[in-house]
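> build me a structure from this.
(3 chains)
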Amino acid sequence: MNDLTVILANMIAAGTPIMYALLGDMISQRAGVISLSVEGSMLVGACIGFGVAYSTESMILAVIIAGIMGGMVGLLQAFLVIDRKTNMMASGFVLMFFAQGLTAFYGRNLLSVSFRKTLVYPIPFLSELPVIGQALFNQDILTYISFILPVIVWFVLFKTKLGLLVCSVGEKPEVTEAYGHDPRKIRYGAVIMAGVLAGIGGVQMSCIYTKGWANGMINGRGFIASALVILCSWKPLRSYMAAYLFGLAQALLVFLQLKGVPISMYVTMMLPYLLTLAALGVISISKKPSMPEKIKVVSTGTD
Amino acid sequence: MSKAGSEYMDKLMNNRLFRALFIILFPVTVFGILLLTEGKNPIETYGVILNAVFGSRYGFGEVVVQATYLILTSLTAILPYRVGMANAGGEGQMAIGALCTAIAGTTFLSRMPAVIGIPLMMLSGMAGGAIWAGIPVLCKAKFRMNETLSSILMNYISTYFISFLLYGILKDPKGWNYPQTMEVAGQLRFRMLFSTRANVGILISILVAIGCWYILQKTKIGFTIRTIGGNTTAAVYSGINVKLVQSAVFTSAGALAGLAGAILIIGVEGRMRVDSGTTMGFMGFLAAGIVNNNPLLAILSAFLIAGLNIAGNAMEINTGLPSASIQILIMLVLLTIMGMGRRKKA
Amino acid sequence: MSNFRKFMAILLSACMVFSFCAFADEAEVHPGEGATKIGIILGGNKEDYGFNYGFYKMAEQMEEELGVEAVIKENVPGNSNVEGVIEELINQGCGIIIPTQFGYLEFSKNVAERHPDVAFYSIPLTDYNGGNFSTMHGTIQDIWYLEGVLAGLYTETNNIGFIASLPIPDVIVAINAFTLGIQSVNDEAQVNLVFTGSWDDTGLQTTSCNQLINDGADIIAPFQDSTKTIIEICAANGIHAFGCNSDAKELDPETWLSACENTADGWIPYMKDAIDGKYETANVIGSFDVGLEDLASYGDSVPQEIIDKVEETKQQINDGDLYVFEGPVTAQDGTVKFEEGYRPSFEEINNIDWLVEGVNGSLS
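Presented below is the predicted three-dimensional model:
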């Protein structure tokens, strides 16, 4: 593969788990709840999903269980934020650390095992294309899904009744109520959905990307994904830009060092964060972000 | 659930005694079950935990040492909340504060007497934290960039920025090539009190917390801040320069994190290391989160988290369980407080 | 004020009395005597298939041979918090303390001064040793040189990848010694170096592996705490991997080559003496000659003739015929750092902050 193809492939590989968590949290934020807990969902999904994949050899089952378990973390977040009115960012942090502890504790037996099933399905013809073929169309199913996921989320959020309800909950819950729907239930659903998607992102990372479970392997990716929602201005289609920007930065971090580009390695290590900051600047100058009304006040009030 | 049942639940949840009992008993029970499944004796383990914190003066001193930073970093999260902003960058702000303190203490202040040197070091730490918090503020003012995201990103950038300096120009020439700055001169360090490592820093941070509470509740500035926090739009109409107050509060919050870093270096750390003060910023954020951004209660929550940290060490040593178990215990306690700690709004 | 002064005076005199007691006792104190527990402080998780896992295995050996209980405290960052951790370890009965990271140095020294009856065996190079504070510094250049010989003979593409974490002295020494080892048997091979900036970011490790493999590497050497991901990715791509600071052959015996491993053999006699009440301050620096470091088991695919060559080189190092950083050693920029025939001291080697000629990469 030539350099460009490798950078593309690495960008997509590094960006895919983030894409899942990002879109998940975007749904949740659209409904007015910031789910920093997607980091926890990813960890749980990565750990349990890997365990299931290892013991049953079935990737489909692994994805389902990872999604469910990720959703459980989302459920906790939903309960804390919606019913117990906790500060959503703090509860997200706590759930993230909690998941870190739980997975490190109960994932101890998974540290020494491998799951090396080949899960790559090249798409005939398309994978032969020069430059992009190998990078884009020689992937696993979860990555293919992630290619169209932003469009799906966009469609659901903006073109279906359900999506409009979710968005209205984040803007004006009174309206939702007036139409005879319970904003609480919709919010619950959105936050759990965030967990489900993040859990799938986690299992993608452990089973396909890094091929193994390691303690704390998500390493802040969910946290970053949650922050990147802001960079997307809460618009699903922009998640291509955000997730792959972060992936690209990771690919460049390695590439620039290996090609002897005379930049300090500490600057290359900062790249993912510097690029995100720069992108945020560019986007913020050009347009006022369309922040959902309900998360403008992040804290649910003080006493 | 029937209506009566649900009302009964609400009543129960609003009962102070029930909540207090639940907050204590629930995590203890759940974690006790975890201990049992691992073949450990929970009662014995809890005994060790209590003994580590309250049984020895040194152990309690360690709690005090950690609480010092947690109080300040929780204030770093609390103050911006009060003006409708979210600062998740306490970690980076504290680290940069510590870095600036260490630079000041090893360069131009190194020969100063304590009376001049220590306050100046603390000022430079605060300046460092304020600058690091000032970047998101500036970005917000100039480019309307979201301060939550940029302050999170600044955490990561600070890590590599500090590494860049510690592995490079700030490396102690006599430090065996390890990434750390030179040591701060002996006269510029706090004295350890009562044969523990606790120092005057704890007094400083408690006073700062009380000061913040006083300013918020009893002064005109505090009234302005509370007006903005209550309703930004109304504050704008009432003629308050919201942006200016927000920027000022956010920056001073950064200065408090910087002060935590300064106390860290002047107190127990002595020089800047790559890992100096790590996770204290995040934990401070949690300490703020569980008390609904009340500066006075933050003192308590800081002590609680510090106590759990120290107790966790003792527990890991005693039971031989992996360190993840400490994390589970701490987060169980915090989750329970979050779930139970606030009266349900009618 | 006078009350305060009186209080201070009493306090000071109390301190002096205490310190006199300490001096008076010093002649009779035997650090670590009768210890039944040894406390080990690690910077990461003990199951990381890297440094901490290696130490966990060593602890098991110590337990067996010394008949003591090894108490391990994981995930202690290299900052002042460690002082409280060590105090707690002593509080719970540890008579011997092993702090493993350079970030623990000063704080373990502080505790050592307060507890003259506890024996300390610290790992990083330092001038702190004295009294009950000993240094057991395993020098890794010999082993990494041997790994280099193995890699240089084994490689087919003459392209070897190195995934480093951060440029601390050990990592720099490892990269340089590894490259010198390769160059001693293979003129054409080159080492491509990438720093991830983290000890355990599996995602970045994977990205680095993919990039290196695509660039033609057929051997990858990590200097990371968590090495499992790198070994797994290499196995999945059918190329070979070294480990780092522990024997992780069980993950994939086929693609596994070898690793630098910490060994307990050098520690046990000293600790045995300490437990018997015959503690002497030790300042042990070396590798397999003093039993602190060794080459881990060879992978199943390493041919016998390469093993023979590596063992032969090992013998030469052991006999003193070969000294890893013996001059001439040239840095990347072409300056000769060690003149022909010059044998740098351990301290000089530890202070190297440049890369040798032939490494593609940078430290800045």
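> can you count the residues close to residue A:83?
Neighbour count for residue A:83, taken as other C-beta atoms under 10 Å in any protein chain shown: 12. For the C-beta atoms, the positions are set from N, CA and C on the backbone; glycine is no exception.
> residue contacts, it?
By C-beta atoms under 8 Å, 6 or more residues apart in numbering or on different chains, the contact list for residue A:83 reads residue A:184.
> give the burial count for the residue in the stretch 151-300 of chain B positioned nearest to chain A, as a bare number.
In the stretch 151-300 of chain B, no residue comes nearer to chain A than residue B:289, which is 2.1 Å away by C-beta to the nearest C-beta. Using other C-beta under 10 Å, residue B:289 has 28 other residues around it.
> phi, psi for residue B:174 please.
Residue B:174 adopts backbone torsions of phi -100, psi 10, taken as degrees, to the nearest 10.
> that one: what's its closest spatial neighbour, skipping adjacent residues?
Take residue B:174 and drop its neighbours on the chain: the residue closest to it by C-beta to C-beta, 6 or more residues apart in numbering or on different chains is residue B:182, 7.6 Å away.
> contacting residues for that neighbour?
With contact taken as C-beta under 8 Å, 6+ apart, residue B:182 is in contact with B:106, B:172, B:173, B:174, B:175, B:271.
> could you list the low-pLDDT ranges of the stretch 1-150 of chain B?
B:1-6, B:13 (pLDDT under 70).
> what are the ranges of the helices in it?
Remark: helices assigned in the stretch 1-150 of chain B by DSSP state H, counting those that start in this stretch are B:3-13, B:16-37, B:42-50, B:57-82, B:90-106, B:114-143, B:147-166.
> buried deepest among those, which one?
Mean neighbour count, computed with mean count of other C-beta atoms under 10 Å in any protein chain shown, is highest for helix B:90-106 among the helices of the stretch 1-150 of chain B, reaching a mean of 30.
> quick one: it near chain A?
No: using C-beta under 8 Å from any C-beta of the partner chain, helix B:90-106 stays clear of chain A, with a minimum separation of 10.5 Å.
> that helix near chain C anywhere?
No: Helix B:90-106 does not reach chain C (C-beta under 8 Å from any C-beta); its nearest approach is 9.9 Å.
> show me what that helix is packed up against.
helix B:57-82, helix B:114-143, helix B:147-166, helix B:242-264, helix B:280-289 (3 or more C-beta pairs under 8 Å, 6 or more residues apart in numbering or on different chains; DSSP states H and E).
> would you map the helices across chain C?
With DSSP state H, the ranges of helices along chain C come out as C:2-26, C:51-66, C:81-91, C:105-114, C:141-154, C:169-185, C:202-214, C:228-237, C:268-275, C:304-319, C:346-350.
> need the ones you listed in JSON lines (columns: mean neighbour count, mean pLDDT and distance to chain A).
Shown next, in JSON lines, are the helices of chain C (neighbours: other C-beta atoms under 10 Å in any protein chain shown; pLDDT from 0 to 100; distance: least, C-beta to the nearest C-beta, whole Å):
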{"stretch": "helix C:2-26", "mean neighbour count": "10", "mean pLDDT": "49", "distance to chain A": "40"}
{"stretch": "helix C:51-66", "mean neighbour count": "20", "mean pLDDT": "89", "distance to chain A": "9"}
{"stretch": "helix C:81-91", "mean neighbour count": "24", "mean pLDDT": "90", "distance to chain A": "17"}
{"stretch": "helix C:105-114", "mean neighbour count": "21", "mean pLDDT": "89", "distance to chain A": "24"}
{"stretch": "helix C:141-154", "mean neighbour count": "27", "mean pLDDT": "92", "distance to chain A": "18"}
{"stretch": "helix C:169-185", "mean neighbour count": "24", "mean pLDDT": "92", "distance to chain A": "12"}
{"stretch": "helix C:202-214", "mean neighbour count": "26", "mean pLDDT": "91", "distance to chain A": "4"}
{"stretch": "helix C:228-237", "mean neighbour count": "25", "mean pLDDT": "90", "distance to chain A": "5"}
{"stretch": "helix C:268-275", "mean neighbour count": "20", "mean pLDDT": "87", "distance to chain A": "26"}
{"stretch": "helix C:304-319", "mean neighbour count": "14", "mean pLDDT": "91", "distance to chain A": "25"}
{"stretch": "helix C:346-350", "mean neighbour count": "17", "mean pLDDT": "87", "distance to chain A": "21"}
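> list the contacts for whatever residue of the stretch 51-200 of chain B ends up closest to chain C?
Nearest residue of the stretch 51-200 of chain B to chain C (C-beta to the nearest C-beta) works out as residue B:62 at 3.9 Å. Residue B:62 makes contact with B:196, B:197, B:306, B:310, C:84, C:87, according to C-beta under 8 Å, 6+ apart.
> which of the residues you listed lies closest to residue A:82?
For the contacts of residue B:62, the closest approach to residue A:82 (C-beta to C-beta) belongs to residue B:306, at 30.2 Å.
> what about stretch C:68-83, start to end distance?
23 Å (C-alpha to C-alpha, to the nearest Å).
> get me the contact residues on the stretch 151-300 of chain B for chain A.
By C-beta under 8 Å from any C-beta, the part of the stretch 151-300 of chain B that sits against chain A consists of B:152-153, B:156-157, B:160-161, B:163-164, B:167, B:229, B:282, B:285-286, B:288-290, B:292-294.
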